[in-house]
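Chemist: sequence plus predicted model, see below.
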Amino acid sequence: MSQIAAKQPGGLKKPSKLGRAFLLKLELRSHPTLLCVIRGALEPLMEMLEFSPEQNRAIIRAVDEAVSNIMRHAYHGRLDQPIEVYCNRLQRRTNGETEQGVEILLFDCGPAVDTTKLIARPLEEIRPGGLGLHIIRGSMDSVEYKRAGHLNRLRLIKFARSSHGECGPTGEKPT
Amino acid sequence: MKISARRVDNSTILDVSGNIDMSNSPEVRKTLLRELREKSVTRVVLNLSGVDYIDSSGVASLVEGLKASRESGSRFVLFGLNSSPREVLKISRLLKLFEVYDDETQAMAS
């Protein structure tokens, strides 16, 4: 949390979820040309976690859209603002079987998000724009936004064997 | 991302390579709208076979292209969609809105 913590008056209390070892941590500035770097870093990690190619693409798509939203809406196009991405392995047991998953946490220092505006627009409207949130939700099993101190935190979860919409955070544990 | 134009009869074929995200989708949008609004071609054909990733801003550019084609009475055709671009159009429920072909031969014969 170094860049983001450094921007906080009096420092940042590290979220408890980050107390454990994470698989991958990325610190980047809010420059759109860095989106390809995030995608490039996530692809081999998701392969390592044994996600199928389709699931891999879904995760990358969700993270890319989420980071794009931070750049566009939290930072209003400013190119030098900090964004941090953490990836953790998750495991859960369902019907006696262990399922592997991934938790991705995204942090930014933008103003608090008005959660009443976190509504995907109706897809029946054929118009450009407003698809990002729909794509994120359609690609992941769980999407949670939380204001954590002075930070925005978006938590994305996907399990390797689950189909979309069948799971939530309950019963998940980090490995 | 690279985008180049070829003129075949009264159609323009735009060959795109690389990934389309918010860093370069304005360029795609600008090129599409210029072809559809200013050059009066009867058909703009977008070759996406060299595109492995397209984000929502890229999709928005395609929707703008589609709208511009309807306004100008021309056609806007896509071909060569790889898995990820196809999936994002499907999730957005836009896939059926576009004329999509497997390859250039089919697109030009349409």
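Modeler: Yep, that arrived.
Chemist: quick one: contacts of stretch B:13-24?
Modeler: A:32-33, A:35-36, A:39, A:64, A:68, A:71-72, B:1-7, B:28, B:31-32, B:35, B:44-48, B:50-55, B:57-58, B:61, B:104, B:108 (CB atoms under 8 Å, 6 or more residues apart in numbering or on different chains). Where C-beta positions appear, they are placed from N, C-alpha and C, glycine not excepted.
Chemist: any buried residues in it, and which?
Modeler: B:Ile13, B:Leu14, B:Asp15, B:Val16, B:Asn19, B:Ile20, B:Asp21, B:Met22, B:Ser23, B:Asn24 (16 or more other CB atoms under 10 Å in any protein chain shown).
Chemist: so of those residues, which two are at opposite extremes in space?
Modeler: Maximum pairwise distance in the buried residues of stretch B:13-24, criterion CB to CB, is 25.0 Å, between B:Ile13 and B:Met22.
Chemist: quick one on the thing from earlier: just the buried subset of the contacts of stretch B:13-24, please.
Modeler: Buried among the contacts of stretch B:13-24 by 16+ other CB under 10 Å: A:32, A:35-36, A:39, A:64, A:68, A:71, B:1, B:3, B:28, B:31-32, B:35, B:44-48, B:51-55, B:57-58, B:61, B:104, B:108.
Chemist: just checking, which of those residues belong to strands?
Modeler: B:Ile3, B:Val44, B:Val45, B:Leu46, B:Asn47, B:Leu48 (DSSP state E).
Chemist: so the second one bridges to which residues?
Modeler: Partner residues in beta bridges with B:Val44: B:Thr12, B:Phe76, with DSSP bridges as the criterion.
Chemist: just give the nearest non-adjacent residue to A:Leu23, would you?
Modeler: With sequence-adjacent residues excluded and distances taken as CB to CB, 6 or more residues apart in numbering or on different chains, A:Leu23 is closest to A:Cys87, at 4.9 Å.
Chemist: how about A:Arg137?
Modeler: Closest to A:Arg137 by CB to CB, 6+ apart is A:Val143, at 5.4 Å.
Chemist: surely the one you found is in contact with A:Ile135?
Modeler: No. The criterion here is CB atoms under 8 Å, and A:Val143 misses it with A:Ile135 at 10.7 Å.
Chemist: show me what contacts the closest residue to B:Leu33 other than its chain neighbours?
Modeler: Once flanking residues are discounted, B:Leu33 sits nearest to B:Ala68: 5.5 Å by CB to CB, 6+ apart. Taking CB under 8 Å, 6+ apart, we find B:Ala68 in contact with B:Leu32, B:Leu33, B:Leu36, B:Arg37, B:Phe76.
Chemist: before we move on, what about A:Ser52?
Modeler: When contacts are counted by CB under 8 Å, 6+ apart, A:Ser52 touches A:Ala160.
Chemist: and it, what's its pLDDT?
Modeler: pLDDT for A:Ser52: 96.
Chemist: can you tell me how far it is from A:Lys158?
Modeler: Distance, A:Ser52 to A:Lys158, using CB to CB, to the nearest Å: 11 Å.
Chemist: do B:Ser69 as well
Modeler: Look at B:Ser69 and A:Lys158: by CB to CB, they are 36 Å apart.
Chemist: neighbours of residue 42, how many?
Modeler: This is for chain A. Using other CB atoms under 10 Å in any protein chain shown, the number of residues around A:Leu42 comes to 22.
Chemist: my question was about chain B
Modeler: B:Thr42: 13 neighbours (other CB under 10 Å).
Chemist: need the contact list for it.
Modeler: Contacts of B:Thr42 by CB under 8 Å, 6+ apart are B:Asn10, B:Ser11, B:Ser74, B:Arg75.
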